[in-house]
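K.L.:
Everything below, folded, please.
(2 chains)
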2 protein chains.
Amino acid sequence: MKKETIERRIEELVKPHFNLLTESAMQYSVTAGGKRIRPLLVLTVGEDIGVEEERLVDVAVAVELFHTASLVHDDLPPIDNADFRRGKPSCHRAYGEGIALLAGDGLFFLAFSQIAKVREPKLFEEFSETAYKLLLGEAMDVEFERQEKEISVEMVEKMYSFKTGALFAFCFSAPFLLKGLDHTFVKKLGEKFGVAFQIYDDLKDVLGSLEKLGKDVGKDVKKVTLVKKMGVQKAKQLADKYYEEVLEALESEGLHRTFDFLRNLKKMVEER
Amino acid sequence: MKKETIERRIEELVKPHFNLLTESAMQYSVTAGGKRIRPLLVLTVGEDIGVEEERLVDVAVAVELFHTASLVHDDLPPIDNADFRRGKPSCHRAYGEGIALLAGDGLFFLAFSQIAKVREPKLFEEFSETAYKLLLGEAMDVEFERQEKEISVEMVEKMYSFKTGALFAFCFSAPFLLKGLDHTFVKKLGEKFGVAFQIYDDLKDVLGSLEKLGKDVGKDVKKVTLVKKMGVQKAKQLADKYYEEVLEALESEGLHRTFDFLRNLKKMVEER
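P.N.:
Below is the predicted model:
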């Protein structure tokens, strides 16, 4: 139900108006069948604290557009050079590098437009800061693998909390901001969840296969990851610990739907 | 005086905090000695209608960051493949393609953060729409040269009004929005000014030299331009006509400082 609302809104939003390849590329990437974890999280947290869905759909969609845009840019040859994404050729493989670059920019700006529609200054301030933080995390990711000096476990974890944690933190924060509530605590939860999520992603990349994942596996060989720094076992333990802490906090704060959503997500993550 | 304020604020803003190459690349591109036409325009329009400079500096800086970001992405090999910008190696020539891509994204997001600081929903909405419009204009520019069918003069003018006009329109609109005034008329002026400005840029590209311009000349040979569609004389006439109309409107609306600023700018443009 929630997922349909999101899909429908996204489809409306990326309908081409100028018959441009760039518009088709945006549409292609954002309707390629993502799991929509982030927008669903926004709506679920909102449901838990009583923010009407209609006020949150724009935010949920913005988060997904932004996430997709960052994947389109990450997949480009000078960054990750990934040929596949979500089981299909990556955007630049389908449309060429120039169009993919523009499509990523376009999705970023559409995301900001969606956030603007909500007309809540705190929300767009938080979203802009999140965007920049995610970008810094991405930059760390790209630059750490090129640096000769040893990168500490702490720095890698910081990179994860920026690269992956920041957008999850925003998903948790947005409903609280719209409700006029303090979001400090849930923002931290979101960051922690993001670090756990990123470790599972690393593990998947080490253990997974192309059929299951729909994206290039093993491409990240040069990347500096927590799995490489700590080993598979210890990294898995850390991710499990963080995930459990997040679930416990959600339960004790009475965010029951979010608790269920993330618990089920974990099963999905483990089964794939 | 205004220019110093802008330079100082930009310098503060792009000081690296994480010792990242991406941060250095952002700093490199945005402090490469641009003429700062757009932020100066924001402050000058503001002065004309009585908006305090302090309320507008964040907006002015945002516009310049955004403009620089769009140049960094445009210069990349899959788009314009430009080796020089503002008399120096372009961002990707200095830092590599991956870092330049991220630096462009970073400057975009910093621009949105600056706009967010003003906490005026209408401004954020207008800026987000401007960003997307500029991106569509850029996409048209890239795609027109690859299309086999004839592109009409009207379509090229539309492309100019998106690619170059939209951001100038925002420069005119922002002070009006902050003052709570209707910005419909000045927005149109800004678009028209942008079209004229872009034609002068085309002419410069046809007639100019690398020493004078500090960017690659003649790289745009395949581009679809109004100068090519109409010929040098007629394109120049159109640009002059639009420029005059904008100046007349500014005078009759009592925007005297903006009138002087743009009149002097025209002399500068013609002398180079």
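
K.L.:
now the helices: where do they sit in the stretch 151-272 of chain A?
P.N.:
A:153-160, A:166-178, A:184-207, A:210-213, A:226-230, A:232-252, A:256-271 (DSSP state H, counting those that start in this stretch).

K.L.:
For the residue nearest to residue A:42 when sequence neighbours are not counted, report the pLDDT, please.
P.N.:
The shortest distance from residue A:42 to any non-neighbouring residue, by C-beta to C-beta, 6 or more residues apart in numbering or on different chains, is to residue A:60 (4.2 Å). In this view, the C-beta of every residue, glycine as well, is placed from N, C-alpha and C. Reported pLDDT at residue A:60 in the predicted model: 98.

K.L.:
Residue A:219 too?
P.N.:
For residue A:219, pLDDT reads 58.

K.L.:
Convert the C-alpha atoms of stretch A:128-142 to PDB, please.
P.N.:
Extracted C-alpha coordinates of stretch A:128-142, given in PDB (Å, rounded to 0.1, in the frame of the first residue of the first chain):
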ATOM      1  CA  SER A 128      20.700  20.100   2.400                       C
ATOM      2  CA  GLU A 129      23.100  19.200   5.300                       C
ATOM      3  CA  THR A 130      22.400  15.500   4.800                       C
ATOM      4  CA  ALA A 131      23.200  15.800   1.100                       C
ATOM      5  CA  TYR A 132      26.500  17.400   1.700                       C
ATOM      6  CA  LYS A 133      27.400  14.900   4.400                       C
ATOM      7  CA  LEU A 134      26.500  12.000   2.100                       C
ATOM      8  CA  LEU A 135      28.800  13.600  -0.500                       C
ATOM      9  CA  LEU A 136      31.700  13.900   1.900                       C
ATOM     10  CA  GLY A 137      31.200  10.200   2.900                       C
ATOM     11  CA  GLU A 138      31.300   9.300  -0.800                       C
ATOM     12  CA  ALA A 139      34.400  11.400  -1.200                       C
ATOM     13  CA  MET A 140      36.100   9.600   1.700                       C
ATOM     14  CA  ASP A 141      35.100   6.300   0.200                       C
ATOM     15  CA  VAL A 142      36.700   7.200  -3.100                       C
END
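
K.L.:
about what we covered before: so for chain B, which of the helices of the stretch 151-272 of chain A sits nearest?
P.N.:
Each of the helices of the stretch 151-272 of chain A has some distance to chain B by C-beta to the nearest C-beta; the shortest is helix A:153-160, at 9.0 Å.

K.L.:
still on that earlier bit, packed most tightly, which of the helices of the stretch 151-272 of chain A would that be?
P.N.:
helix A:166-178 (a mean of 26; mean count of other C-beta atoms under 10 Å in any protein chain shown).

K.L.:
near chain B at all, that helix?
P.N.:
No. On the criterion C-beta under 8 Å from any C-beta of the partner chain, helix A:166-178 is out of touch with chain B, staying 11.2 Å away.

K.L.:
tell me what that helix is packed against?
P.N.:
In terms of contacts (3 or more C-beta pairs under 8 Å, 6 or more residues apart in numbering or on different chains; DSSP states H and E), helix A:166-178 is packed against helix A:37-49, helix A:53-75, helix A:121-144, helix A:184-207.

K.L.:
Tell me the helices and strands packed up against the last one.
P.N.:
Counting contacts by 3+ C-beta pairs under 8 Å, 6+ apart, the secondary-structure elements packed against helix A:184-207 are helix A:153-160, helix A:166-178, helix A:226-230, helix A:232-252, helix A:256-271.

K.L.:
least reliable of the helices of the stretch 151-272 of chain A going by mean pLDDT?
P.N.:
helix A:210-213 (a mean of 50).

K.L.:
Please tell me I have it right and residue A:196 contacts residue A:239.
P.N.:
Yes. With contact defined as C-beta atoms under 8 Å, residue A:196 reaches residue A:239; the gap is 4.4 Å.

K.L.:
Now residue A:92: which helix or strand?
P.N.:
helix A:91-95 (DSSP states H and E).

K.L.:
Figure out how far that helix is from the centre of its chain.
P.N.:
Between the centre of helix A:91-95 and the centre of its host chain there is 21 Å, according to C-alpha atoms, centre = their mean, to the nearest Å.

K.L.:
can you check stretch A:40-55 too?
P.N.:
18 Å.

K.L.:
got the contact list for it?
P.N.:
A:2-3, A:5-6, A:56-57, A:59-60, A:63, A:118, A:168, A:171-172, A:174-176, A:178-179, A:181, A:186, A:254-258, A:261-262 (C-beta atoms under 8 Å, 6 or more residues apart in numbering or on different chains).

K.L.:
which of the residues in that stretch are buried?
P.N.:
Within stretch A:40-55, the residues that qualify as buried by neighbour count (16 or more other C-beta atoms under 10 Å in any protein chain shown) are A:40, A:41, A:42, A:43, A:44, A:45, A:46, A:47, A:48, A:49, A:51.

K.L.:
send the alpha carbons of that stretch over as PDB?
P.N.:
What follows is stretch A:40-55, C-alpha atoms only, in PDB (Å, rounded to 0.1, in the frame of the first residue of the first chain):
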ATOM      1  CA  LEU A  40       9.100   3.200   3.400                       C
ATOM      2  CA  LEU A  41      11.100   4.000   6.500                       C
ATOM      3  CA  VAL A  42      10.100   7.700   6.300                       C
ATOM      4  CA  LEU A  43       6.400   6.700   6.000                       C
ATOM      5  CA  THR A  44       6.600   4.100   8.700                       C
ATOM      6  CA  VAL A  45       8.300   6.400  11.300                       C
ATOM      7  CA  GLY A  46       5.600   9.000  10.400                       C
ATOM      8  CA  GLU A  47       2.900   6.500  11.000                       C
ATOM      9  CA  ASP A  48       4.400   5.600  14.400                       C
ATOM     10  CA  ILE A  49       4.300   9.200  15.600                       C
ATOM     11  CA  GLY A  50       1.200  10.300  13.800                       C
ATOM     12  CA  VAL A  51       2.200  12.400  10.800                       C
ATOM     13  CA  GLU A  52      -0.300  12.100   8.000                       C
ATOM     14  CA  GLU A  53       1.100  10.200   5.100                       C
ATOM     15  CA  GLU A  54       0.200  12.900   2.600                       C
ATOM     16  CA  ARG A  55       2.500  15.300   4.400                       C
END
